[in-house]
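A.B. asks: coords please:
(one chain, ligands or ions: 1)
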Amino acid sequence: MSELIVNAAVCEICGGKLVLRDENNFECESCGANYPKEWVRAKVQEIKGTVAVDNSSSVENLLTRAKVFFDQGDVGKAKKYVERILDIDANHTATLLLIKKMDLDFAFSLIFDGQAEGWNRLPIENVRQQVYES
Ligand SMILES: [Zn+2]
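C.D. replies: So this is what the prediction gives:
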């Protein structure tokens, strides 16, 4: 249970921070209202559920934006969105595929244009390895 999420459960009376008073009770730091541990636990579960739902919808939005920029050839902007997705979910499959696609495009642009910009590249051997081993 992360501190951030515990902090999201606040006093219903004054919105103050809840601190552990004893084994079974939390207490509001500001007004002193008492909350049983079970109430806080249920509240945290509720908040965690909301956070999970919000994350998945924002990942899909970010991926859509990344793809639009990539299709327009603006790899720099696409990369920013890709990084925001990876901050939320480092193993997001569709995003990892998009990164491979970007790296492939970059490898080809190196061959055909002699240069490319906007994307912090893997070494070319690394790109080849990813392409041929997947
Ligand atoms: Zn309070």
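A.B. asks: for this protein, which spans come out with low pLDDT?
C.D. replies: Scanning the chain for pLDDT under 70 picks out 1-8, 51-54, 109-134.
A.B. asks: by residue count, what's the longest helix in it?
C.D. replies: For the chain, the helix with the greatest residue count under DSSP state H is helix 37-71.
A.B. asks: got the contact list for the residue minimising distance to the centre of the chain?
C.D. replies: What sits nearest the mean C-alpha location of the chain, by Cα atoms, centre = their mean, is Ile88, with 1.0 Å. Residues counted as contacts of Ile88 (Cβ atoms under 8 Å, 6 or more residues apart in numbering) are 55, 58-59, 62. Yep, even glycine has a C-beta here, placed from its N, CA and C like the rest.
A.B. asks: ok, back up a step: now for the longest helix of the chain, which elements pack on it?
C.D. replies: Contact partners of helix 37-71 among helices and strands, from 3 or more Cβ pairs under 8 Å, 6 or more residues apart in numbering; DSSP states H and E: helix 3-8, strand 25-28, helix 75-88, helix 93-113.
A.B. asks: can I get the shortest one as PDB, trimmed to CA atoms?
C.D. replies: Provided in PDB are the C-alpha atoms of strand 25-28 (Å, rounded to 0.1, in the frame of the first residue of the first chain):
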ATOM      1  CA  ASN A  25      -7.600   3.000  14.700                       C
ATOM      2  CA  PHE A  26      -6.600   6.000  12.600                       C
ATOM      3  CA  GLU A  27      -7.100   9.600  13.900                       C
ATOM      4  CA  CYS A  28      -7.500  12.800  12.000                       C
END
